[in-house]
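K.L.:
Provided below for reference: sequence and predicted model.
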Amino acid sequence: MFGKAALGVHGNPAAAGVRAELGLVELQFRRQALKLRWWDRLCSVLPERLLSLVFRRRHNEILSGGARYSGLQSMKDLLLSYGFSEEWLQRRSDLKVNVSWTTEVKAVVNLRALASASANIAGRSSLSLLSLRPHGIAHYLDDRKNMAGTRLLAKVRLGHIMVMATVARMLGWPANRALCLLCHDDIESVRHFVQDCPVLDRSRAKFVRGLELPLSLSGAVGLERLDMLRRSGSPLLDSVISCSVATSGDGDRCQVDAAVESAVKNCLSAMWRIRESVLGRFGVAAGRLVVSPPSGPRAAELIARQEAN
Ligand SMILES: [Zn+2]
C-alpha cells in the first residue's frame, strides 16, 4: 500500500516490481536479518544473567538432541539455512572472528533477498521492462519537477499502464482481445506502446533528436551515450529499461542520466497524450472497463504540432 502510494500507482501492480523500484526488501528477509542479529546478542549476554543461563541450557539440550519444542529450534534452522553452522555449534561469542556479525548477516541476507526479487520479477510477464539492480530507490523517482511524467514512467516500468493488454489482464479477457486501437496491427502490450506502435513513431523519433544538444554538451560521457542511443534499434525502450540508480560521485554521468530520464518522461507523456486524445481514458471499476471519452485535441492536431516544432 505504502509503495503504491509512493509511486502514485493505483490498482494492483506486481508487488515485486513496486519493491524493486523503491529498493525495498521483502518483509521475510527483514525479519530474518533481525532474528540473526539477535543471535549475537543472545550469545553475548553476561553469563550470570538469567537469560544467558536459560539460553545456554537450551542450546546444550538441542545440541544433545533434546528441547524439540524450544523456540531456539527455529533459530537453529535459520542459522543453518544461511550456512552459519559453526556459529550455531560454538555460539558466536566463543568464536574469534574479526568481521562484525551485523555486516555478515546483512551481506548474506541481502544476497538471498536479491535472488528472490530477481526470481519474482522474472516470473511476472508484466515486469519485462524492469531491470533489477542492487537495492536502492530508482533515481528517476527523485524528480519532483515532472510528477506526471515520473508516475507515467513508473506505470510503464511496472507494466501497469492502461494499454489494452493490461485491460485484458485485469478483466480476464483472452490475450487476442487486446488489439491496439491506434494501429490495429498488433496486441497493444506495454512494449508495443513504447516501441512498436507505428502511430507513435514521430514522437519516438523526437526522443533522440531532443537529446542531441544536452548530451553533446555533457562531455565524453554524454557523447558516448548519444552514440549508444543512435546505434540502438530501440533507444526509447532501452532508456526506459535502464532508468535506475544514478551513478554516484560522477557529475557528468549523473547529468547524462538525468537528461535521458527527463527526455524519456517527456516522450512517454507526449505519446500517452496522443493515445488519450484518440481513445480517451481507460479504467477498470467493479470488473468492468470504463472509458472516459477524449476531451483534448485530436491526435492529428498533436502530431501536426510536433512536426511544426
Ligand atoms: Zn499500435
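P.N.:
Ah, there it is. Because the structure is a prediction, the values reported are computed rather than measured.
K.L.:
what's the burial count for Ala113?
P.N.:
Residues contacting Ala113 under the criterion other Cβ atoms under 10 Å number 20. From N, CA and C alone the C-beta is placed, and that goes for glycine too.
K.L.:
you'd agree it is up against Gly23?
P.N.:
No - Ala113 sits out of contact with Gly23 when judged by Cβ atoms under 8 Å, with a separation of 10.9 Å.
K.L.:
what's the spacing between the most far-flung residue of the chain relative to its centre and Arg169?
P.N.:
For the chain, the C-alpha lying farthest from the average C-alpha position belongs to Glu48; by Cα atoms, centre = their mean, that distance is 48.5 Å. From Glu48 over to Arg169 the distance is 62 Å, taken as Cβ to Cβ, to the nearest Å.
K.L.:
what's the nearest residue to whatever residue of the stretch 201-309 of the chain ends up closest to the ion if we skip its chain neighbours?
P.N.:
Of all residues in the stretch 201-309 of the chain, Arg275 sits closest to the ion, with a separation of 9.1 Å (Cβ to the ion). Leaving aside its sequence neighbours, Arg275 sits nearest to Leu182 (Cβ to Cβ, 6 or more residues apart in numbering; 6.4 Å).
K.L.:
Doesn't that neighbour lie inside a strand?
P.N.:
No - under DSSP: H, G, I helix; E, B strand; the rest coil, Leu182 sits outside any strand and is assigned coil.
K.L.:
Would you agree Val291 falls within a strand?
P.N.:
Yes - counting by three-state DSSP, Val291 is part of a strand.
K.L.:
Surely Pro47 is in a helix?
P.N.:
No - counting by three-state DSSP, one finds Pro47 to be coil, located in no helix.
K.L.:
OK, contacts around it?
P.N.:
Contact partners of Pro47, counting by Cβ atoms under 8 Å, 6 or more residues apart in numbering, are 53, 56.
K.L.:
burial measure for Gly83, as a count.
P.N.:
Neighbour count for Gly83, taken as other Cβ under 10 Å: 9.
K.L.:
Not counting residues beside it along the chain, what's closest to it?
P.N.:
Per Cβ to Cβ, 6+ apart, closest to Gly83 is Val108, 7.4 Å.
K.L.:
Near that neighbour, how many residues? Count them for me, please.
P.N.:
Around Val108 there are 17 other residues, counting by other Cβ under 10 Å.
K.L.:
Verify the stated contact: it with Tyr82.
P.N.:
Yes - applying Cβ under 8 Å, one finds Val108 in contact with Tyr82, separated by 5.1 Å.
K.L.:
Other residues contacting stretch 207-219?
P.N.:
Counting contacts by Cβ under 8 Å, 6+ apart, the residues outside stretch 207-219 that touch it are 222-223, 225-226, 229-230, 235-236, 239, 252, 255-256, 259-260, 263-264, 266-267.
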